[in-house]
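Peer 1: What follows is a predicted structure for the sequence shown.
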2 protein chains.
Amino acid sequence: RKKVQIFQYVFLKWGLALLIGLTTGLIGFFNNIAVENISGFKLLLTNKLMLQGSYFKAFLAFAGLNITFAAAAGSLCAFLAPAAAGSGIPEVKAYLNGVDAPSILAPITLFVKIFGSVLGVSAGFVVGKEGPMVHTGACIANLLGQGGSRKWRSALLWRTFFTTAVVAIVLRSFIQYCWNGKCGLFGQGGLIMYDVSKEVSSYGSYDILAVIFLGVIGGVMGSFYNYLVDKVLRTYSVINEKGPSFRVLLVIIISVLTTCCAFGLPWLVSCTPCPTDSANECPTIGEIGHYKSFQCPSGSYNDLASLFLTTSDDAIRNLFSNTIIREFQMSSLFIFFVTIYFLGIVTYGIAVPAGLFIPVILAGSVYGRIVGRVFHSVSVLDTGLFSLLGAASFLGGTMRMTVSLCVILLELTNNLLLLPLVMIVLLISKSVADCFNRGVYDQIVKLKGLPYLEAHAEPYMKHLVAGDAVSGPLVTFSGLEKVETVVHALQSTGHNGFPVIGEPPFSDSPELCGLVLRSHLLVLLKAKYFSKERRLSGRDILKKFSPSDFAKPGTGKGLKLEDISLTEEDMEMWIDLHPITNASPYTVLETMSLAKAMILFRQLGLRHMCVVPKSQGRPPIVGILTRHDFMSEHILGLYPHMKQHK
Amino acid sequence: RKKVQIFQYVFLKWGLALLIGLTTGLIGFFNNIAVENISGFKLLLTNKLMLQGSYFKAFLAFAGLNITFAAAAGSLCAFLAPAAAGSGIPEVKAYLNGVDAPSILAPITLFVKIFGSVLGVSAGFVVGKEGPMVHTGACIANLLGQGGSRKWRSALLWRTFFTTAVVAIVLRSFIQYCWNGKCGLFGQGGLIMYDVSKEVSSYGSYDILAVIFLGVIGGVMGSFYNYLVDKVLRTYSVINEKGPSFRVLLVIIISVLTTCCAFGLPWLVSCTPCPTDSANECPTIGEIGHYKSFQCPSGSYNDLASLFLTTSDDAIRNLFSNTIIREFQMSSLFIFFVTIYFLGIVTYGIAVPAGLFIPVILAGSVYGRIVGRVFHSVSVLDTGLFSLLGAASFLGGTMRMTVSLCVILLELTNNLLLLPLVMIVLLISKSVADCFNRGVYDQIVKLKGLPYLEAHAEPYMKHLVAGDAVSGPLVTFSGLEKVETVVHALQSTGHNGFPVIGEPPFSDSPELCGLVLRSHLLVLLKAKYFSKERRLSGRDILKKFSPSDFAKPGTGKGLKLEDISLTEEDMEMWIDLHPITNASPYTVLETMSLAKAMILFRQLGLRHMCVVPKSQGRPPIVGILTRHDFMSEHILGLYPHMKQHK
């Protein structure tokens, strides 16, 4: 290539990374502003009506808005883009693993994900916007990058770093703009959500014991959370399959349940007198403050309402802090914990973009505060810190991603001195939870039936060879093939790749030329570069195409066989497959251990792997292995007796 | 395997990770204490003598101690373990890439690395102890783990996390112990070396411009640093090859140079009057303080001596801080910058364990302070912060590892709000420096001739196939081979792997059975399991060995051919290679693109790759590719005309 082209390529590549960073930063910012303003409006209205004593009106306003938002989010999701429901992290994880599911990253999914997430969070559901945001970022990158690379390489790490820097700078400048009060109700936060940097961090052996206890119980409850989520998802999938209307109905039912909990339960607790030394107004009037009056007389506040009738971010801030609200009643904490724990479980799986981070952090931080109160007499750590550690234990117990969680918690709290404690808690809760079941994202990937390849081969794979996993009839093409044969093969099979065999007189003996992809065959068929005789056309034929003809479309919709009309005459002609054949397919000998073949397949992010014979005098290819051929269900279906090795 | 064995294995694995973490933590702690106390003693003595006015005595004490320590470190390194010289990070990087060099991780290297590093830093050399510490950790892990796994997998990440947590907790408890003054002069620091968390972090467009300027110049100077290090290393390698005595001599020469600079240059600057409002004693007497009197009259201090005659850690703390010493004289900063920049360059490469981090941070932070002074009138950022950014720009310009550097700087400073600025500086300086040359570690890896495989294939490799890279005579064995043939092959070649061909009557036609390793052959030869007839021995023979017989020894010394004595009679016998043959070697077709073959080789961390023929009726293996066959020097030696594609 010429220097200019190389420069163009590099420039485009970096420009794209910049654009992705900018767009994601903008959308994230829009998302936050929208949520803060919509929920803020709803909560202020409710609060105002409550202060006026119009309890029933307040309930009507609160419930009406909640259900409207919920129905809107549910309809968007159920009718337009079912793939936008849920967190999106399992799908992105599977995509990075190599699973190709075009609708996951389609533009309509992106659209619904953004607006569905804003509406869902505004509707008061116990859902987060972090998971959907990750999915949104992936969609944008896919849309702008047209598929792009999927394998994690060092250059990619560096570009990711660049993109992250752009997002950070964009967000920072917007937040600085908002500090001047130009963005409505948004603007109290910052890049650091829960600043606990003033906490002291000296601790003794009793504290460590308390922390270990917290980690163990957190791990057990985290894995129980996963167990329940799995059960609920299986139940919901039955309902969801009945049609979009049923999905919307389910969303509305959960919305009603959430609304009743949030508005009903605060009536159960007694009022707390306002603190006299607080810098904050109590009870709060006219803004989203920390002390909700609810039904209480003036000079006192309802601590449970202060948790329920606020945004999740503010609730977490209250729980983490040891200065804003010093003490919650134990009964309030307990009611809030049970409600959030189970609402979080029943909410995930409905047709609304729903992150799992916030529900888990919320439940975990209440749990941590409860444990902190229990150990109050023996531990010098304050309850706000216990709350943070409780959130860490729940995150470790459900998500099991210790390193990333550690970084995220560090970013949220901006206190490096807490790192050892957070690490201990994550280690313990993950280890405990691993005894019971798998991480929540792995469970969801499995439940969705996505062919996710694990990093390690299963033990029974060591007793099989690559040839054993080959199944089904093999469809091969000659280097020069009749159009009819190609069309027939494309019609009768769903294969995405076909081996091409070179045959005499074009080679000395039958040999493997390479692999041809369905999408490339379709492009060649559409262009109708056929010839009447059986002869080589040469690579010059490629000059008639531009590289973009063969590129994978970003929208997920490629050429289909039905789009191509071929006459009877066309069908009798010959087509030369050599120019579009990938002449360097990855191959393994049929006697290669299946475990090693799988590692090869996964490490290189392959889609097809050719199995070639070991001995001579046989056809030059034994079969093709794809992702599905490495799935346990498939292999154990072929060799049921291998289960004993499992 | 039985359940008990699996449990044993898991227990051992985690126990080992715990042990590695504990040992590394302990050694790191010992290292710090030793350095702080030895240098502390030296500096206090010098300071005391200077205060008494005995300038010549002070010089003699300072120079004497410096040169003694330097000579000790140099002798240890030159005579006992030459592999312990330098940073160690390039070697560890190459090891993780798959380069096998046993002496790098041998116990003697570990020993010399620890004590050499302590002595080297105490001798006042412009070297860091971070790089050697990384190497030390790798040595310990290798020693305890007996080679262990080398590929980076998710399970490994999780175990690394565990080990890190252990190290963090061990260090923390020790530091807490030291805060009570029980560790001599050590104990002022903590996990966070340079706490700048009180800095404000609002900045405008002028500040950003200043930061961009700083990044660009920092990148240029960083790459110039690399250029000079490369030149100096080439010169030194000529001297070092002359023998250990020459190496020690070189160490002493550099030590004399360093000593003269540190003691001589402070005479050039004028004295600064002590600040009246400082909380610190000025000039400092009797402890390692921030204000060195040097030749100045009482009531004033020498600011250049305060940088030179202190530990590197304290110098960096002074430069980063905006509270300890408010203002340095421009002339002092300039003299210090030039001296440290060039001393850092001439020091790396002598026979002493020498990290590059501290010299680069030191030079960068002075540079940053100078730039801060230049932009003083237009920028609101304070000079301490400029100092940090200067250090970041130098690190980015020399090391080019943006993500890890960002994390390290974050850990050192504990201020997340500075992240966007640090990111910008790193991005700019790395990008600028990349225009000129490669990162310093990559340069050193290349200079040492280690066969490091890059993540990307070179463009010309796309025009070659795997068969093209095969060179040299191929030595193969039959499945049943004469002992004499095997011994002869081991004697006459240096190959580490040999293909095993199955031949009639044991198979229908010649076929590739697999690959046998030199080390395994030696074990089999030593055990003398030969037979008089040419017959298969079966896999039962393996039961006579324990798995540890075939394990790679952690000390780097395996069996050698000379250790095995074979009689004439033995030589005439037959040996069955099937039991020790790896029956699943990774193979590629000879027509596979060389670029793709290289990616496969690197991604899977292979040592041997078998090239098999595409067409039939030929021997079942074309050749073997090893790491060296993928090196540019080798391929371009075979195909000089490919240089045009480079």
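Peer 2: Arrived safely, thanks for sending.
Peer 1: Tell me who's in contact with the nearest residue to A:Arg602 once chain neighbours are set aside.
Peer 2: In space, and not counting its chain neighbours, A:Arg602 is closest to A:Leu453: 4.5 Å by C-beta to C-beta, 6 or more residues apart in numbering or on different chains. Using the backbone N, CA and C atoms, a C-beta is placed for each residue, glycine as well. Each residue near A:Leu453 by C-beta atoms under 8 Å, 6 or more residues apart in numbering or on different chains is listed here: A:Asn97, A:Gly98, A:Met598, A:Phe601, A:Arg602, A:Arg627, A:Phe630.
Peer 1: Just put those in a markdown table and tack on pLDDT and distance to B:Val516.
Peer 2: Output for the contacts of A:Leu453, formatted as a markdown table (pLDDT from 0 to 100; distance: C-beta to C-beta, whole Å):
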| residue | pLDDT | distance to B:Val516 |
| --- | --- | --- |
| A:Asn97 | 80 | 35 |
| A:Gly98 | 78 | 34 |
| A:Met598 | 91 | 24 |
| A:Phe601 | 90 | 26 |
| A:Arg602 | 86 | 27 |
| A:Arg627 | 88 | 33 |
| A:Phe630 | 89 | 28 |
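Peer 1: if we can go back for a sec, where does the residue nearest to A:Arg602 fall, helix, sheet strand or coil?
Peer 2: coil (DSSP: H, G, I helix; E, B strand; the rest coil).
Peer 1: Roughly how far does it sit from B:Leu426?
Peer 2: Separation of A:Leu453 from B:Leu426 (C-beta to C-beta, to the nearest Å): 34 Å.
Peer 1: ok, back up a step: would you format the contacts of A:Leu453 as a markdown table with secondary structure included?
Peer 2: Below are the contacts of A:Leu453 laid out as a markdown table (three-state DSSP):
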| residue | secondary structure |
| --- | --- |
| A:Asn97 | helix |
| A:Gly98 | coil |
| A:Met598 | helix |
| A:Phe601 | helix |
| A:Arg602 | helix |
| A:Arg627 | helix |
| A:Phe630 | helix |
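Peer 1: ok, of these, which one's closest to A:Gly128?
Peer 2: A:Asn97 (22.9 Å; C-beta to C-beta).
Peer 1: how close does the closest one sit to A:His456?
Peer 2: Distance from A:Asn97 to A:His456, by C-beta to C-beta: 13 Å.
Peer 1: Equivalent analysis for A:His608, please.
Peer 2: 22 Å.
Peer 1: what does A:Val516 give?
Peer 2: In terms of C-beta to C-beta, A:Val516 sits 32 Å off from A:His456.
Peer 1: The residue of the stretch 351-500 of chain A found nearest chain B in helix, strand or coil?
Peer 2: Going by C-beta to the nearest C-beta, chain B is nearest to A:Met423 of the stretch 351-500 of chain A, at 4.0 Å. With three-state DSSP as the basis, A:Met423 sits in helix.
Peer 1: give the contact list for the most centrally placed residue in chain A.
Peer 2: Compute the mean C-alpha point of chain A, and by C-alpha atoms, centre = their mean the closest residue is A:Ile89, 0.8 Å away. By C-beta under 8 Å, 6+ apart, the residues touching A:Ile89 are A:Gly131, A:Val134, A:His135, A:Gly355, A:Leu356, A:Tyr441.
Peer 1: Check A:Ser429 too.
Peer 2: A:Gly215, A:Val216, A:Gly218, A:Gly219, A:Gly222, A:Ala392, A:Ser393, A:Phe394, A:Leu395, A:Gly396, A:Gly397.
Peer 1: Would you mind checking which of those is nearest to A:Ser300?
Peer 2: The closest of the contacts of A:Ser429, once distances to A:Ser300 are taken by C-beta to C-beta, is A:Phe394, at 31.3 Å.
Peer 1: mind giving me CSV with the contacts of A:Ser429 and columns for pLDDT and neighbour count?
Peer 2: Shown next, in CSV, are these (pLDDT from 0 to 100; neighbours: other C-beta atoms under 10 Å in any protein chain shown):
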residue, pLDDT, neighbour count
A:Gly215, 94, 26
A:Val216, 95, 18
A:Gly218, 95, 32
A:Gly219, 95, 28
A:Gly222, 95, 30
A:Ala392, 91, 33
A:Ser393, 94, 34
A:Phe394, 94, 29
A:Leu395, 91, 29
A:Gly396, 91, 32
A:Gly397, 93, 34
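Peer 1: Show me where the stretch 351-500 of chain A has its helices.
Peer 2: A:357-374, A:383-398, A:402-413, A:419-434, A:440-447, A:466-469, A:483-492 (DSSP state H, counting those that start in this stretch).
Peer 1: which one of those helices lies closest to B:Thr24?
Peer 2: Between B:Thr24 and the helices of the stretch 351-500 of chain A, the shortest gap by C-beta to C-beta is with helix A:419-434, which sits at 15.5 Å.
Peer 1: What average pLDDT does the closest one get?
Peer 2: Mean pLDDT, helix A:419-434: 85.
Peer 1: The stretch 1-150 of chain A: helices as residue ranges?
Peer 2: Counting by DSSP H, counting those that start in this stretch, the helices of the stretch 1-150 of chain A are A:3-51, A:55-75, A:89-97, A:107-122, A:130-145.
Peer 1: A:Ile575 - that's part of a helix, no?
Peer 2: No: secondary structure of A:Ile575 (three-state DSSP): strand, not part of a helix.
Peer 1: list the contacts for it?
Peer 2: A:Leu480, A:Glu481, A:Lys482, A:Val483, A:Val486, A:Leu524, A:Leu525, A:Tyr529, A:Phe530, A:Ser531.
Peer 1: returning to what we had before: among the helices of the stretch 351-500 of chain A, which is the most enclosed?
Peer 2: Ranked by mean neighbour count, these are led by helix A:383-398 with a mean of 30 (mean count of other C-beta atoms under 10 Å in any protein chain shown).
Peer 1: For that helix, which helices and strands make contact with it?
Peer 2: With contacts taken as 3 or more C-beta pairs under 8 Å, 6 or more residues apart in numbering or on different chains; DSSP states H and E, helix A:383-398 sits against helix A:205-240, helix A:312-320, helix A:357-374, helix A:402-413, helix A:419-434.
Peer 1: Mind doing that once more with 6 Å?
Peer 2: Judged by 3 or more C-beta pairs under 6 Å, 6 or more residues apart in numbering or on different chains; DSSP states H and E, the packing partners of helix A:383-398 are helix A:205-240, helix A:312-320, helix A:357-374, helix A:419-434.
Peer 1: Can you give the distance of that helix from its chain's centre?
Peer 2: Centroid separation for helix A:383-398 versus its chain: 22 Å, with C-alpha atoms, centre = their mean, to the nearest Å.
Peer 1: So what touches that helix?
Peer 2: A:199, A:214-215, A:218-219, A:222-223, A:225-226, A:319-322, A:360-361, A:363-365, A:367-369, A:371-372, A:405, A:409, A:422, A:425-426, A:429-430, A:433, A:440 (C-beta atoms under 6 Å, 6 or more residues apart in numbering or on different chains).
Peer 1: 7 Å - rerun?
Peer 2: Identification of contacts with helix A:383-398 by C-beta atoms under 7 Å, 6 or more residues apart in numbering or on different chains yields A:196, A:199, A:211, A:214-215, A:218-219, A:221-223, A:225-226, A:319-322, A:360-361, A:363-365, A:367-369, A:371-373, A:402, A:405, A:409, A:413, A:421-422, A:425-426, A:429-430, A:433, A:440.
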